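In: here's my sequence, what's the structure:
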Amino acid sequence: MTGRELLEADALRSFAVFAEHRNFTTAAAALHISQPALHVKIRKLATALDVELYEREGRRLSLTAAGERLAAYALDCRRRADEFLRELHHDSTPTLTIAAGRGALRWVIGEAIRQVGRQGRRVNVITADRDAALAALRAGRADLAVIAHDPPTRQVEATQIAAYRQVLVVDERHPLAERRAVRLRDLDGLDLVVPPADRPHRRALTRALLDAGVRWQVAAEVDGWDLLVHLAGLGVGATVVNGCVELPDGLRAVPIHGLPQIRYWATWRLPRAELVGDFLGQFPPVAERAPR
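Out: Okay, here's the model as predicted:
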């Protein structure tokens with residue numbers, strides 16, 4: 001038995017593994033116990049807490065709201081045990097786990113990750129879209145999540161770390177490329193490379209163009225700022241991205257009047273507040289940053 005296993009309550013550790021796999025057979029194998037034994041542990045834990053911890057959805061198991069909270073608590077306990085053992089063995093370098101999308105990792109928080117790494121922090125990264133990043137945060141798998149657009153709910157701590165103006169990206173030979181800025185109606189008739197219809201950026205852009213009476217056509221649907229710009233560079237169509245995105249040669253970014261800034265939020269749960277402080281300290285007070 002490892003030092004961490006001795007420091008964690010057996011039932012809590014078992015539930016954390018179950019919550020990770022959502023499958024009794026797989027979780028029992030990971031714990032090196034029988035499936036009936038794991039059933040008994042989870043049932044006793046639920047009875048002691050007087051709540052249901054999971055429910056069946058057809059053949060799938062999912063955690064209840066109480067189960068999600070207990071899973072996060074269990075991972076917090078595991079995290080504290082890991083940190084204690086590192087300190088006990090004179091390794092006081094904590095690990096920071098960040099969940100964020102590809103665009104945020106590349107253009108919004110990349111430098112902050114570099115700086116905390118230079119200060120001796122270990123950084124783990126979970127690449128995830130908004131919903132998956134928040135789910136990782138709530139479940140305790142991530143210490144910090146970085147999300148775009150709307151702030152998270154008040155159930156978690158949050159601060160705005162960046163805001164960028166949206167820009168039209170066009171070939172440098174396009175007539176709009178020489179403009180200092182464009183209005184939404186200037187996009188009328190353009191073929192646009194856009195994210196899939198269920199993405200927040202696509203929904204917001206579609207609403208804004210509809211409200212402005214702008215006619216446009218979908219040239220391609222791709223996910224991620226980098227692919228939007230890549231296809232624009234191939235001449236598939238123009239695109240709209242936020243101003244932090246670096247452009248390849250041959251493209252020009254023109255600020256768009258009439259679209260809101262894209263805001264980025266760092267969010268964390270209170271038990272992990274001490275872990276995220278030095279990372280948040282890497283960001284200056286929020287102000288609009290000029291397109292690159």
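
In: can you tell me the closest non-neighbouring residue to L168?
Out: Take L168 and drop its neighbours on the chain: the residue closest to it by C-beta to C-beta, 6 or more residues apart in numbering is V254, 4.7 Å away. C-beta here means a position set from N, CA and C on the backbone, and glycine is covered the same way.

In: before we move on, what about G117?
Out: Closest to G117 by C-beta to C-beta, 6+ apart is V123, at 5.7 Å.

In: state the mean pLDDT of the helix or strand that contains that neighbour.
Out: For V123, the element it lies in under DSSP states H and E is strand 122-127. Across strand 122-127, pLDDT averages out at 93.

In: which positions in the following helix or strand past it come out as buried?
Out: Where DSSP H and E defines the elements, the next helix or strand beyond strand 122-127 is helix 130-138. Under the neighbour-count criterion of 16 or more other C-beta atoms under 10 Å, helix 130-138 has 130, 133-138 buried.

In: correct me, but the residue nearest to L168 touches V167?
Out: Yes. Assessed by C-beta atoms under 8 Å, V254 is found in contact with V167 at 6.0 Å.

In: between the two, which is the more surrounded one?
Out: V167 (24 against 19; other C-beta atoms under 10 Å).

In: any stretches of the stretch 151-292 of the chain with poor pLDDT?
Out: Applying pLDDT under 70 to the stretch 151-292 of the chain flags residues 286-292.

In: which ones are touching the spatially closest residue to A212 that is not a sequence neighbour?
Out: Distances taken as C-beta to C-beta, 6+ apart place L184 nearest to A212, at 4.0 Å, with adjacent residues excluded. Shown in contact with L184 (C-beta atoms under 8 Å, 6 or more residues apart in numbering): 208-209, 212, 214, 256-259.

In: so which elements touch the lengthiest helix in the chain?
Out: The longest helix of the chain (DSSP state H) is helix 65-88. Under the contact definition 3 or more C-beta pairs under 8 Å, 6 or more residues apart in numbering; DSSP states H and E, helix 65-88 sits against helix 3-7, helix 10-21, helix 35-49.

In: out of the ones you listed, indicate the one that is most buried.
Out: Of all these, helix 10-21 carries the top mean neighbour count, a mean of 20, counting by mean count of other C-beta atoms under 10 Å.
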